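>>> My questions concern the predicted model and sequence given below.
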2 protein chains.
Amino acid sequence: MNTAPAPDFDDGFRRHLAELLAWRRDVRRFRPDPLAPGQLDRLLDLACLAPSVGLSQPWRFVLVESEAARAGVIAEFEAANAEALGDYRGERAALYARLKLAGLREAPVHLAVFCDEATGQGHGLGRRTMPEMLAYSVVTAVHTLWLVARAEGIGVGWVSILDPQAVASLLAVPPEWRLVAYLCIGHPQEDQAEPELARAGWQNREAGSRTLLIR
Amino acid sequence: MNTAPAPDFDDGFRRHLAELLAWRRDVRRFRPDPLAPGQLDRLLDLACLAPSVGLSQPWRFVLVESEAARAGVIAEFEAANAEALGDYRGERAALYARLKLAGLREAPVHLAVFCDEATGQGHGLGRRTMPEMLAYSVVTAVHTLWLVARAEGIGVGWVSILDPQAVASLLAVPPEWRLVAYLCIGHPQEDQAEPELARAGWQNREAGSRTLLIR
């Protein structure tokens, strides 16, 4: 039980928080040097402060260290990426082929994050009409990890060009665990304010997403 | 294009960020006074800095202001909550009935957050094998909103005891928009370091969620 007084956040903190959000990036270009001893543990402890439906805490982590497992994931990525390329034509296909979409070979840390769909924790509260709340809770833990990593100068890249069942099978996790995120984690080669996909000409940020209807 | 130098976050910022994560709460007890002028706009602008698959930015916001729409949502919540109560027996049912699970009547702001499942933005990148990435992107925007609100002393409560199709229909949004989150936003009655569900005896935080398998 935390009996400290509630923190009072000031303008300086809020300005830095906005900078953190603006400079968080999906990183695909890593330096190969490892994280500091204990750093990943600290980041995971902070990630577990994320919200979860009914306090179900359904996030489960798998650190992928063996060469065999990593090679299997890289092969899955390459197969899925080749299939994705087949969906595009002409200039868009040429552009897709030039994108660097994952840092799987360079990143010192591979972390797979699963949702335990069978957890009894939380006693089902809040997920009767929206069962997807369980996976959404895992997403908030991934996003928390992303932010606290960036605050330590560590980059995170979320690789979704993967068959989630194939990865779950490759990593031999319990059958009720569903892959939510496969993360590459490490020191970024550079800091960037602009998303890589915008710099590469794939997609810019659009103001339209800020649509606010009134009802 | 942001040409400022990359920010260098220090220990003081990281300590405050950890406090922000620790003191973020799912708030169900609001004071009725409104947000400051322009405050919601500022929070939404920050929320839109969230990551999104392929830079698809699929989040769409609906500010629910009319009494009729709010009454409809409250009726949906009450029906779904009564059905949920029917799933529990004995002590657990009595405990469920005593929980306060939403602040829909008191919160000055009701914000529904949808995912535009039909958006062409991002050109489908990163969601061929994991189409759920689009909704997950909206979740990161909701989580960002939650954190920046807390940094301004504003509480957010995520109400998932709702039929998402019924809410979409009630709010007359485009058919391709899927409800991800229905949020109550306002000044919290009090700051708390412990989740309300833990204080009420429903569910404690468990260390087991921190499971880390090695593969």
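Yep, that arrived.
>>> okay, which residue is most central for chain A?
Centroid-nearest residue in chain A, with Cα atoms, centre = their mean: A:Trp158, separated by 4.2 Å.
>>> Beyond the helix or strand that one falls within, next helix or strand please.
Per DSSP states H and E, A:Trp158 falls inside strand A:155-159. Along the chain past strand A:155-159, the next helix or strand (assigned with DSSP H and E) turns out to be helix A:164-170.
>>> That next one and chain B, any residue contact?
Yes. Helix A:164-170 is in contact with chain B by Cβ under 8 Å from any Cβ of the partner chain, via A:Pro164. In this view, the C-beta of every residue, glycine as well, is placed from N, C-alpha and C.
>>> what mean pLDDT does that helix have?
Average pLDDT, helix A:164-170: 98.
>>> rewinding a little: determine how far the strand holding A:Trp158 lies from the middle of the whole chain.
6 Å (Cα atoms, centre = their mean, to the nearest Å).
>>> which other helices and strands contact the lowest-mean-pLDDT helix or strand in chain A?
The weakest-scoring helix or strand in chain A, judged by mean pLDDT, DSSP states H and E, is strand A:212-214 (a mean of 93). Judged by 3 or more Cβ pairs under 8 Å, 6 or more residues apart in numbering or on different chains; DSSP states H and E, strand A:212-214 is in contact with strand B:59-63.
>>> Restrict the strand it packs on to CA atoms and write it as CSV.
This file holds the C-alpha atoms of strand B:59-63, laid out as CSV (Å, rounded to 0.1, in the frame of the first residue of the first chain):
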residue,chain,number,x,y,z
TRP,B,59,-9.0,6.6,-34.0
ARG,B,60,-12.2,8.5,-34.3
PHE,B,61,-13.8,10.5,-31.4
VAL,B,62,-17.4,11.2,-30.5
LEU,B,63,-18.1,13.7,-27.7
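>>> Is there any residue in that strand that contacts chain A?
Yes. Interface with chain A: strand B:59-63 contributes B:59-63 (Cβ under 8 Å from any Cβ).
>>> Would you reformat the residues you listed as CSV and include neighbour count and pLDDT?
Converted to CSV, the residues of strand B:59-63 next to chain A look like this (neighbours: other Cβ atoms under 10 Å in any protein chain shown; pLDDT from 0 to 100):
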residue, neighbour count, pLDDT
B:Trp59, 30, 97
B:Arg60, 25, 97
B:Phe61, 21, 97
B:Val62, 24, 98
B:Leu63, 16, 97
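>>> So which residues of chain A form helices?
Here chain A has its helices, by DSSP state H, at A:11-23, A:39-47, A:67-85, A:90-98, A:133-151, A:164-170, A:196-199.
>>> average model confidence for the strand holding A:Trp158?
pLDDT averaged over strand A:155-159 gives 98.
>>> Would you mind listing the outside residues contacting it?
For strand A:155-159, the external contacting residues (Cβ atoms under 8 Å, 6 or more residues apart in numbering or on different chains) are A:25-28, A:30, A:77, A:101-104, A:107, A:142, A:145-146, A:149-150, A:181-188, B:51.
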